[in-house]
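[1] Sequence plus the predicted model coming up.
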Amino acid sequence: MSTIDNLKATIGKKGGLATPNRFNVIFSPPTQSLLNINPQALIGSLVSGNKIKPANFISDPRDISLLCETVSIPSRNISTFDYQADKQQNKFPYTFIDDDVTMSFLLTNDYYMRNMIESWMSAIFDVNTYQVGYKKDYSTDIVIQQLNSKNVPVYGVKLEKAFPINISAVELSQGALGFVRTNVTFAFDRYVPEGPVSSTLSAFQAAF
């Protein structure tokens with residue numbers, strides 16, 4: 001029979017319990033370069049009362065991680081079909097399905113994240129010409145990491161060839177308090193579970 005001491009010993013042996021508020025999201029949209037030459041974003045910073053600094057001209061992937069408020073490590077389902085060879089009916093697997101991932105981002109006064117995602121989605125499908133881009137040009141890898149109490153990755157997943165398929169409406173109200181957020185749903189080919197070392201390497205590659 002298990003006891004509270006046994007539970008404590010197991011948790012301590014495994015490095016403690018994982019907490020949902022320690023995570024990292026790393027990616028760089030293929031439409032965004034390291035040099036920020038988006039005049040709309042720079043004008044937005046001026047309008048919101050910010051001074052233009054050298055940092056404004058650099059697209060820092062860490063900004064995305066800091067503004068990401070919620071994210072889910074994706075689920076995976078094994079699809080099966082029923083087959084009855086004798087009296088008993090059994091299930092047999094034939095493929096797998098990875099669910100889409102939705103992230104919630106805080107919006108700053110220059111609408112940094114929404115402008116970025118809208119620019120990215122325009123590269124996927126041009127709403128003016130109705131032309132679809134090439135997947136190799138509009139997809140990128142996204143890395144989601146679970147961090148420990150020292151902010152060191154302990155587990156991660158890499159979403160291969162990910163791209164946004166939905167950006168939510170932004171709800172505004174005169175009676176609302178708090179901050180403005182937007183949700184973005186990403187599709188991807190598949191996710192790859194990673195350990196601390198491989199996830200750190202993937203994060204470095206996804207940032208640039």
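    Yep, that arrived. Residues are numbered from 1 along each chain as shown.
[2] tally of neighbours for the nearest residue to N148 once chain neighbours are set aside?
    Excluding the flanking residues, the one nearest N148 by Cβ to Cβ, 6 or more residues apart in numbering is V154, at 5.1 Å. Backbone N, C-alpha and C define where each C-beta goes, glycine included. The tally of other residues near V154 (other Cβ atoms under 10 Å) stands at 17.
[3] how about V154, what does it touch?
    By Cβ atoms under 8 Å, 6 or more residues apart in numbering, the residues touching V154 are 15, 18, 146-148, 196.
[4] P196 - how many residues pack around it?
    For P196, using other Cβ under 10 Å, the count is 14.
[5] List the residues that contact the residue nearest to it when sequence neighbours are not counted.
    Spatial nearest neighbour of P196, excluding adjacent residues (Cβ to Cβ, 6+ apart): P153 at 5.0 Å. Residues in contact with P153 (Cβ under 8 Å, 6+ apart) are 24, 145-147, 196, 199-200, 203.
[6] hang on, the earlier thing: so which of the contacts of V154 belong to helices?
    Judged by DSSP state H, those include P196 as members of helices.
[7] Could you dump the contacts of V154 into a markdown table with pLDDT added?
    Converted to a markdown table, these look like this (pLDDT from 0 to 100):
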| residue | pLDDT |
| --- | --- |
| G15 | 89 |
| A18 | 93 |
| Q146 | 97 |
| L147 | 96 |
| N148 | 94 |
| P196 | 93 |
